[in-house]
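Colleague: The sequence and its predicted three-dimensional model are supplied below.
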Amino acid sequence: MEDVYLSLGSNIGNRQQYLNAAITLLGNNRQIIIERVANFYETSPVGNVSQRPFVNTAVKIATTLEPDDLLLVIHQIEKRLHRSRKIHWGPRTLDIDIIFYGQRVVHSDDLEIPHPEAFNRRFVLIPIKELVDHSFPYYEQITRAITHINSKDQELKPVSAKDNRGNIIERATTSILTAIGEDPSRAGLLETPNRVSRMDAEIFSSVGLTDFTDYKLFHSEDSDQSKMIMMNNLPFYSMCEHHMMPFWGSVNVAYMPANGTIIGLSKIPRLIDFVSHKLTLQERLTDEIIDQMTRILAPKGVAVVVDARHMCVEMRGVKSRGAITRTIRFSGDFERNQALQNEFLSAIKVTGKQ
Ligand SMILES: Nc1nc2c(c(=O)[nH]1)N=C([C@H](O)[C@H](O)COP(=O)(O)OP(=O)(O)OP(=O)(O)O)CN2
């Protein structure tokens, strides 16, 4: 078994939740023992990318995995926790870096150990220093580096390892109740802030995530002959970003496979949930369905129709009850071929008129 030190960071969505999930997944691997976990710190972003502060920690593990195999396990965990590599040193749900692997020195295309940036980063050094003692070979170098780096350039402050987002929403809900003249201590409202907090974790579960990753693709030559694969009347529920009020309805989506690539049918409703569970607009939700389907499948074309009712139109202001808004978008062959568009549209009934 080798003693290995990992640095973990997250600055998208529920940061502590991603870090805790990553530590759990590491520990679930039969060849990894989580020996110690450092405190969690909120840290100012290092590197010239303007982005949200990170939450960082470090873990000491004992493992029988060789460095390359450990890196494979790390990449699988990052992928499972929605990591998408878009911008170098940019925002991410999770990053796990191998900092020290015993006293091994590794220089390969995929891996450098010790990590090449380790001694330039307080967000790495300070958590790791919690996990080592004077006998650690790099102890003196870590101590010198921490003092050498200007703390004003790389701020750290301890934060709870348990994400406090839920507490913040509970407190904010209590403030709103008070502000509207309610009594948050009355029997019917005592549990409301906690219910709202738990609900928000569900309806805003996609906040900060860019790519839908929970899908499985299949390849079959004969599906290349399929002209159109369509799913109708997929229900969705979302929240408009103008009033933070619900809009909901149905999605009708079709795509034309290319190179025999098709997606598991159950993943399309999940993709719809993914693009819905955030503050958005119906127009943007429509676009995002096309964009995600195109990125995942590289199809010959995608067609989407969204029919929705908007609580902000029905419950306040113009109070136009039952009004249905339709947004439509075509891409690829659908965009170029009127007959294909008509075939798709004729298969759809307006929601609420079934
Ligand atoms: N305060 C923080 N700032 C930065 C962090 C962080 O965790 N806290 N992380 C980064 C980097 O994106 C991350 O450490 C990965 O960097 P590195 O391993 O050096 O390079 P990669 O090849 O993994 O970088 P990619 O972004 O994956 O290309 C920056 N700042």
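Modeller: Great, that's in hand.
Colleague: What strand or helix carries Arg270?
Modeller: Per DSSP states H and E: Arg270 is located in helix 267-276.
Colleague: Sorry, wrong one. I was asking about Asn20.
Modeller: helix 15-28.
Colleague: Run through who's touching the next helix-or-strand element following that helix.
Modeller: Counting by DSSP H and E, the element after helix 15-28 in chain order, helix or strand, is strand 32-37. With contact meaning CB atoms under 8 Å, 6 or more residues apart in numbering, strand 32-37 is reached by 1, 3, 23, 26-27, 57-63, 65, 70, 73, 130-131, 161. Quick note: C-beta positions are derived from backbone N, CA and C, even for glycine.
Colleague: Got a quick PyMOL command for the buried subset of the residues you listed?
Modeller: What follows is the PyMOL syntax for the buried subset of the contacts of strand 32-37, where burial is set by 16 or more other CB atoms under 10 Å:
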select buried, resi 3+23+26+57+58+59+60+61+63+65+70+73+131
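Colleague: and the contacts of strand 32-37, which of them are in strands?
Modeller: 3, 57-63 (DSSP state E).
Colleague: what about the residue located most distally from the centre of the chain, which SS state?
Modeller: Most distant from the centre of the chain: Ser135, at 39.0 Å, with distances by CA atoms, centre = their mean. Taking DSSP: H, G, I helix; E, B strand; the rest coil as the rule, one finds Ser135 in the coil state.
Colleague: Test my guess that Ala347 contacts Met231.
Modeller: No - counting by CB atoms under 8 Å, Ala347 does not reach Met231; the two are 10.6 Å apart.
Colleague: from the ones in strands among the contacts of strand 32-37, which single one is nearest the ligand?
Modeller: Thr57 (9.8 Å; CB to the nearest ligand atom).
Colleague: who's in contact with that closest one?
Modeller: Per CB under 8 Å, 6+ apart, neighbours of Thr57: 7-8, 19, 37-41, 127, 161.
Colleague: wait, Gly301 sits on Glu335?
Modeller: Yes - if you go by CB under 8 Å, Gly301 and Glu335 touch, sitting 6.7 Å apart.
Colleague: These two - which one has more neighbours?
Modeller: Gly301 (23 against 14; other CB atoms under 10 Å).
Colleague: and that one, bridged to which residues?
Modeller: Counting by DSSP bridges, Gly301 forms beta bridges with Met256, Gly332.
Colleague: can you pull the contacts of it?
Modeller: Gly301 neighbours (CB under 8 Å, 6+ apart): 255-256, 330-337, 340.
Colleague: Kindly recompute the last result at 6 Å.
Modeller: Residues counted as contacts of Gly301 (CB atoms under 6 Å, 6 or more residues apart in numbering) are 256, 331-334.
Colleague: gap between it and the ligand?
Modeller: 32 Å (CB to the nearest ligand atom, to the nearest Å).
Colleague: again, but for Phe218
Modeller: 29 Å.
Colleague: ok, now Ala21?
Modeller: On the measure of CB to the nearest ligand atom, Ala21 and the ligand end up 16 Å apart.
Colleague: Give me the pLDDT value at that residue.
Modeller: In this prediction, Ala21 carries a pLDDT score of 93.
Colleague: Next up, the contacts around it.
Modeller: Leu81.
Colleague: which parts of the protein sit against the ligand?
Modeller: 9, 43-47, 54, 56, 85, 88-89, 95, 97, 117, 123 (CB under 6 Å from any ligand atom).
Colleague: For the residues you listed, work out which two are farthest apart.
Modeller: Ser44 and Arg85 (21.8 Å; CB to CB).
Colleague: Those two: which has the busier surroundings?
Modeller: Taking neighbours as other CB under 10 Å, Ser44 and Arg85 compare with Ser44 leading, 15 against 12.
Colleague: Once you drop chain neighbours, what's closest to the more buried one?
Modeller: Glu155 (4.3 Å; CB to CB, 6 or more residues apart in numbering).
Colleague: I'd like to know how many residues surround Ile34.
Modeller: Counted with other CB under 10 Å, Ile34 comes out at 17.
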